[in-house]
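> Here's a sequence, model it:
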Amino acid sequence: MNKSNTNNAPARAADISKTDTKAANAMLPKAGEAGARVGPDDSDAMPDYAAVRYNAIKHGILSRLVVLPHEAGDEFAALLDALVDEHHPSGPTEMHLVEELAALMWRQRRVLMAEGSAINQGLYSVTHDIQNSAIAAATPFDCGWSNEDSNLPDLVSATEEVVAQLQQDAVADLDATGKAAAILRKGGVGAYDRARRALLADSRDWWDEHVEKALYSATVDGLAAFIWETLLPTCIRMEREARIQPSVKAQTLGEGLQAHRLEKLNRYETHLDRKFERTLSMLLKLKQLSCY
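Numbering: from 1, shown residues only. This next block holds a predicted model:
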């Protein structure tokens, strides 16, 4: 045997191996071509989560347990769909965590609805108090006023523009009523007609209604009695209500909030927030471990 040939055998084998490798690589599709592979096996790197997503929504396991009969199941399905698209769960464990996230978010929505309902119930109780205690509480140093004729719901719901107009009308009504009262005090020929014309249109119509109902006589004395007993107190009350409306509204909303009713809801909301954080953390860690 030729010793030199024997010594060169490994080198020739290496050359043949390199040649075969090059030939094999040449047969593989190049980058950008159909069937080309980049990095690890695509089937492992990109799991088929579409089937998992479809099954979760199709079977509706959590929808049957989490969504109540009066709630919109399609809204929960849309929420779960969005979370699946965001997290791309692979396998039953990851899918369970995604479903858990959807359930927690659904319950958090319920908490907000319950909170709004509790506040509305408190506001209803305050605004329908026959004694209108919120008005008295809003003006603790404004003594000597009766709030029984005030309409608290209207005061609370009135906008700034409406309140400004009410205050302007009340001042104008007070001014006109004062002029009519002065005419009656002065007396003279035609005092009744002049005093009646001095009233604003609404007040004049109100006076005519009282005359038609025979509550007052269409005389100087009758109109004077109507002004001092009915019209003037009403004008003063309307002006006062418009002036204190911001304070009354703030007092009513504060009493209606009734924070003690929300304490249990707040604790439950905190529990849901913490559970959501833990579930999301577990899902992210699980997906990170699956990459190794």
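> could you say which helix or strand contains Gln251?
Using DSSP states H and E, Gln251 sits in helix 232-257.
> Report the distance from that helix to the chain centre.
Taking CA atoms, centre = their mean, to the nearest Å, the mean C-alpha location of helix 232-257 is offset from the chain mean by 26 Å.
> and if you look at stretch 207-218?
Put simply, stretch 207-218 sits 50 Å off its chain's centre (CA atoms, centre = their mean).
> Ends of it, what's the gap?
End-to-end span of stretch 207-218 (CA to CA, to the nearest Å): 9 Å.
> what angle separates whichever helix or strand Met113 is part of from helix 232-257?
If you go by DSSP H and E, Met113 is part of helix 91-127. Orientation check (axes from the mean of the first three to the mean of the last three CA atoms, to 10 degrees): helix 91-127 against helix 232-257 gives 150 degrees.
> Helix 91-127 packs against which elements?
Counting contacts by 3 or more CB pairs under 8 Å, 6 or more residues apart in numbering; DSSP states H and E, helix 91-127 is packed against helix 49-59, helix 61-66, helix 73-87, helix 133-138, helix 152-157, helix 232-257, helix 263-289. For glycine as for every other residue, the C-beta is placed from the backbone atoms N, C-alpha and C.
> Determine which of those shows the lowest mean per-residue pLDDT.
Lowest mean pLDDT within the helices and strands packed on helix 91-127: helix 49-59, at a mean of 48.
> Show me what counts as buried in the helix holding Gln251.
Judged by neighbour count (16 or more other CB atoms under 10 Å), helix 232-257 contains these buried residues: 232, 234-235, 237-245, 248-249, 251-252, 255-256.
> That one packs against which elements?
Other elements packing on helix 232-257 under the criterion 3+ CB pairs under 8 Å, 6+ apart are helix 91-127, helix 133-138, helix 152-157, helix 160-186.
> need the contact list for Asp208.
Contacts for Asp208 (CB atoms under 8 Å, 6 or more residues apart in numbering) come out as none.
> what number of residues lie near Ala134?
25 (other CB atoms under 10 Å).
> I meant to write Asn120 there.
Asn120 has 11 neighbouring residues, counting by other CB under 10 Å.
> now the helices and strands packed on helix 232-257 in JSON lines, with distance to Ala72?
Formatted as JSON lines, those follow (distance: least, CB to CB, whole Å):
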{"stretch": "helix 91-127", "distance to Ala72": "10"}
{"stretch": "helix 133-138", "distance to Ala72": "36"}
{"stretch": "helix 152-157", "distance to Ala72": "30"}
{"stretch": "helix 160-186", "distance to Ala72": "36"}
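> Of those, give the one that comes closest to Arg196.
When those are compared by CB to CB, helix 160-186 sits nearest Arg196, at 7.3 Å.
> tell me the contacts of Val98?
Ala56, Leu80, Leu83, Val84, His87, Pro89, Leu283 are the contacts of Val98 under CB under 8 Å, 6+ apart.
> now do 6 Å
Contact partners of Val98, counting by CB atoms under 6 Å, 6 or more residues apart in numbering, are Leu83, Val84, His87, Pro89.
> Show me which of the helices and strands packed on helix 232-257 has the highest average neighbour count.
helix 133-138 (a mean of 20; mean count of other CB atoms under 10 Å).
> per-domain residue ranges of this structure.
With domains defined by automatic domain parsing, the chain comprises 48-128+258-292, 142-257.
> what's the neighbour count on the closest residue to Leu104 other than its chain neighbours?
Counting by CB to CB, 6 or more residues apart in numbering, Phe276 is the residue found nearest to Leu104 once chain neighbours are left out, at 4.5 Å. Counted by other CB under 10 Å, the residues lying close to Phe276 total 17.
> do you know how far Phe276 is from Ala102?
10 Å (CB to CB, to the nearest Å).
> what's the overlap in contacts for these two?
Common neighbours of Phe276 and Ala102, counting by CB under 6 Å, 6+ apart, are absent.
> Show me the shaky parts of the stretch 51-200 of the chain.
51-63, 143-149 (pLDDT under 70).
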